[in-house]
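Engineer: whatever this is, show me its structure:
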Amino acid sequence: MNETAQQYTQRMLDYVEGKQPLEVQAATAEKLERLIKDVPATKLRERPTADKWSVSEIVAHLGDAEIVTGFRVRLILDAPGVSIAAYDQNSWVSSGHYEKRDPRKSVEQFRVLREANLALLESLVPEQWKHYGMHSERGRETIELIARMAAGHDINHLQQIERILPAKRK
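Structural biologist: Down below sits the predicted model:
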């Protein structure tokens, strides 16, 4: 899917419309664990098509994306208005050898990182939510917007996994 940075932002925000972003984020690791429970790792590593990520690659991406999100929030808290670099997620899949990662360990990595990031977000005072960074592709992003986009990102990838593993839907 070729979409602009603005289209991507809107798509992530549409996923989380009417939902509480931190509640969505708090529930994601457990949903991932439930979705992949009892599914053989070989099945989780199978790509649905050559150009689509496997479940294993998706959960590895979520863990690495959580590192990025946490780092961006911390940069912004330290220096509001800071520049935020974009990254090529497809390059990270390849260079990070996501296809070889243990999907259950990837979910555990995600869970630990998410818990740390949620603890930070929950500690913020109201004015800190308005602090922002300047994303190299998307422009001004407040911590509030980053939290909403992270929740939408979760929903997006949970839905992808559910499409790949339809028997695991519950």
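Engineer: in this structure, which spans are strands?
Structural biologist: Remark: strands assigned in the chain by DSSP state E are 83-84, 132-135, 139-142.
Engineer: strands paired with the shortest one, and their directions?
Structural biologist: Paired neighbours of strand 83-84 in the sheet (DSSP bridges): strand 132-135 (parallel).
Engineer: ok, for residue 134, nearest residue in space, not its chain neighbours?
Structural biologist: residue 83 (5.4 Å; C-beta to C-beta, 6 or more residues apart in numbering). C-betas here are computed from N, CA, C, even on glycine.
Engineer: show me what contacts that neighbour?
Structural biologist: Residues in contact with residue 83 (C-beta atoms under 8 Å, 6 or more residues apart in numbering) are 133, 134, 136.
Engineer: can we see that at 10 Å?
Structural biologist: The contact partners of residue 83, by C-beta atoms under 10 Å, 6 or more residues apart in numbering, come to 75, 133, 134, 135, 136.
Engineer: and residue 140, how far from residue 150?
Structural biologist: Look at residue 140 and residue 150: by C-beta to C-beta, to the nearest Å, they are 17 Å apart.
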